[in-house]
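Trainee: Dropping a prediction and its sequence here:
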Amino acid sequence: WQESTVTACLTGGNHIITCPTSGGKTLVGELLLLNAVLTRCTDALLILPYVALVEEKVRELAEFAEHFSFGLERYAGSRGRLPPRKRLNKRTIYVATIEKANSLFNSLYEEGRCPEIGVVVVDELHMIGDGHRGAILETCISKFLSLQPGPRITGMTATLSNDKEVGLFLRCSMEHSGGSRPVALREHVKIARQIYLVDKEKQELVPDRETSPVLSPSTTHADTDCVAALVREKLPESVLVFCPTKASCETTARMLSVLLTNSETDETIAGKRDVLLKRIELETGHVDAQLKDILLKGICYHHSGLTGDERVLVEEAFCSGVLNVLCCTSTLAAGVNLPAARVIIRSVKIGTGYLTRTRYLQMVGRAGRTGLSSSGDSFLLGTHSDKTLPHLVFGAVEDVRSSLNTDSLTLTLLHLIGSGMISSMADLGMFMKRTLLDIQQPDESLNLAERALHFLEEAKFIDRTEGGIKPTSFGKAVYKSSLDPTLAHSVLSGLRVANKHLVLQGDLHLVYLCVPPDVQNVYVDWSKYFDAYNQFDEVTRLTFTAAGLEESFLARRAFSHKKSDAVAEVPYTRFYVAGALHKLLSGVPSWDVSALFKIPRGTLQTTLNSAITHASKLALFTKEMPEYWAMSAVFDALVQKLFFAGAPELAQILEIPGVKHARAKQLYKAGYHTLQKLVAAEPRFLAAEIEHLSQHQAQKIISSAKILLQEQADALTDAALQLLETGAV
């Protein structure tokens, strides 16, 4: 099916590929990308949902880019030049997250360079229905559909029920349903102690067997729902245990580490677990005692509370068999490729909501490892009162619905007006006709767009006249920076205050400005916050006041039991977070900062990344606003400082995809200070020099370094050729 699908896609037009997880659609997408740059001599864009997936894909394609001499650029987080460099003699594959792909289109459109992209591949196409991010993806695809001529667009997904509707949106020439799971999947449901086999043909649960809990001398770690029993019968093969919350991931992992103590561990595996612990300590500077205890038993947890570096190490260890059991949240199902012999889903709930059929299929789709087993199995744990359970195992996949609404259209229309794609009501009507929203709600789409347009006009982002629609200077700055229009006035207000009272004794005030106004997932102990305020040094207290914050508010919040105004709390929460990030910039280890501010390390890292992104936006925003032009350079410099966490000497090495601070420090200490030195290295010698670095990993680092260095050389060559052509030299 792969050969016939690729052949059909190469004939032209747009296509949708629906294929089960592990069915082989990734190879089809990669062949289309390679054909674009090597045969059709056009650029190509691959859109992926997560930063981790972008990093992974860039590492995988680096050796191809080196061998076949094409450009390879990643657009994720703060990475990605806008507009991209125009290469004279090479074609480029851009690998981008949803948000970055949208920004990439905007920059190319303004430069008149959209025709350079001849192929667009969208992985996880069903994410069009995923709220705010889905709205951005739909907008991005609609923009490409508006081009005449436009690129060939191929959408890939494992789950799509309303393929005809989505196919109509994509103007598909053909839809392909192909591939099958390389290993069989046996689905089960466990209610109380009874295990049922899921019979898809008869649409019923067939009694299979009963199970019993693993007995424990302690009620603290009781196997109440027989999870330990289901894990034990599969060991030493790999098991994924999906848990509804981060806390339950950790408690489940601890419970399993206590109850599953009788399994013997191979000396080689035990040694690899010791190495894993050392690598985690190398990356983070510390290993939690409880994490160490469970990890040595081949068990670990995986959720957003861990740093990205820790999650990558845990994923690698699980894939290689160093870890047997991983207790994780549902987000892992939609992330990097992480198959297991058995999948256990502890609850039909996820956080405060319920699993969808789509998410359930993503989870059970992880069961079965190609080449290692002939089948995989899954177990959904439920109760007789779980009303959603029948739908999860027998129901149809939820339709993909457009996520565009008045709020998301506000950002969409500002970008379209800012870039010049829309300059009249006629243009607006034409664009809306190219959206999935118009296909699903034809009578409502233009009304929603009108309401969004009204908001933009009222908020002074656009001007509407008889001559058409155009952005104001403020609206243009918001568009250029990709700031959220609903937050733009708040950002501008903060900059006005800072313009008059900016404290430049240290970085704290600048870091405060870079903490997004919509900062989330941070718990503040107001009583301790007030105690800390009383210990502020002179510069910190001066910055607190200059930011427009008041001691009296902190005091009221610390000692009053009345419910506070959430909006009024925001700037104080931002200052609290800024204090944590400032500590990181000062070189304080993340473990210590996490303990001091009671912010999980994973959340701390996510917040730092959000601050870097927001600082990038502020640099662009202030550059477009004449009265704040001087602040643009300051924010540009702060982006670099935040990204390199106060270690500018590691700048070149950290540009390499997948290389984090700890690994960069190892390389720097071993004398690899520049990309040139890495490019000259032999993989086997590099692996021997760097502790806990395999030869395969060394090869990927060297290949990625070669790509980056070649890009720099190409940029200089192209610039010289352009000067010669214009007669400037």
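Mentor: All right, it came through fine.
Trainee: For the stretch 551-700 of the chain, which residues score under the pLDDT cut-off?
Mentor: 646 (pLDDT under 70).
Trainee: which residue ranges form the helices in it?
Mentor: For the stretch 551-700 of the chain, the helices defined by DSSP state H, counting those that start in this stretch cover 551-559, 566-585, 590-597, 601-624, 629-643, 651-654, 661-669, 675-679, 683-689, 695-726.
Trainee: would you turn those helices into CSV with distance to residue 434 and mean neighbour count?
Mentor: The C-beta positions use only the backbone N, C-alpha and C, and glycine is treated the same way. As requested, those are exported to CSV (distance: least, Cβ to Cβ, whole Å; neighbours: other Cβ atoms under 10 Å):
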stretch, distance to residue 434, mean neighbour count
helix 551-559, 48, 15
helix 566-585, 37, 19
helix 590-597, 45, 18
helix 601-624, 27, 22
helix 629-643, 35, 17
helix 651-654, 40, 19
helix 661-669, 44, 19
helix 675-679, 43, 18
helix 683-689, 48, 15
helix 695-726, 34, 16
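Trainee: Rebuild those helices as CSV, extending it with distance to residue 37.
Mentor: Converted to CSV, the helices of the stretch 551-700 of the chain look like this (distance: least, Cβ to Cβ, whole Å):
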stretch, distance to residue 37
helix 551-559, 56
helix 566-585, 39
helix 590-597, 39
helix 601-624, 28
helix 629-643, 29
helix 651-654, 26
helix 661-669, 29
helix 675-679, 22
helix 683-689, 25
helix 695-726, 13
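Trainee: In this structure residue 570 contacts residue 517, no?
Mentor: Yes - with contact defined as Cβ atoms under 8 Å, residue 570 reaches residue 517; the gap is 6.3 Å.
Trainee: Where does the prediction get shaky in the stretch 251-400 of the chain?
Mentor: In the predicted model of the stretch 251-400 of the chain, residues 262-265, 334-335, 369-373 satisfy pLDDT under 70.
Trainee: outside of stretch 25-44, which residues touch it?
Mentor: Here stretch 25-44 makes contact (Cβ atoms under 8 Å, 6 or more residues apart in numbering) with 2, 5-6, 9-10, 17, 19, 46, 61, 64, 68, 70-71, 91-94, 116-121, 123, 152, 154, 156, 158, 179.
Trainee: Distance from it to the middle of the chain?
Mentor: Mean-position distance between stretch 25-44 and its chain equals 23 Å (Cα atoms, centre = their mean, to the nearest Å).
Trainee: And stretch 662-675, by the same measure?
Mentor: Offset of stretch 662-675 from its chain centre (Cα atoms, centre = their mean): 26 Å.
Trainee: what does it contact?
Mentor: Residues outside stretch 662-675 that contact it (Cβ under 8 Å, 6+ apart): 282-284, 309, 647, 649-650, 652-656, 659, 677-678, 681, 686, 689-691, 693, 701, 705, 708-709, 712.
Trainee: same thing but 7 Å
Mentor: With contacts defined as Cβ atoms under 7 Å, 6 or more residues apart in numbering, stretch 662-675 is touched by 282-283, 309, 649-650, 652-654, 677-678, 689-691, 705, 708-709.
Trainee: the strands in the stretch 101-250 of the chain, which residues?
Mentor: Counting by DSSP state E, counting those that start in this stretch, the stretch 101-250 of the chain has strands at residues 117-123, 152-157, 172-177, 184-191, 194-199, 204-210, 239-242.
Trainee: just to revisit the earlier point, list just the one of the helices of the stretch 551-700 of the chain that sits closest to residue 505.
Mentor: With Cβ to Cβ, the closest approach to residue 505 among the helices of the stretch 551-700 of the chain belongs to helix 566-585: 12.4 Å.
Trainee: Output the contacting helices and strands for that closest one.
Mentor: helix 508-514, helix 590-597, helix 601-624 (3 or more Cβ pairs under 7 Å, 6 or more residues apart in numbering; DSSP states H and E).
Trainee: got the ones you listed as a markdown table, with distance to residue 194 columns?
Mentor: Output for these, formatted as a markdown table (distance: least, Cβ to Cβ, whole Å):
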| stretch | distance to residue 194 |
| --- | --- |
| helix 508-514 | 55 |
| helix 590-597 | 43 |
| helix 601-624 | 37 |
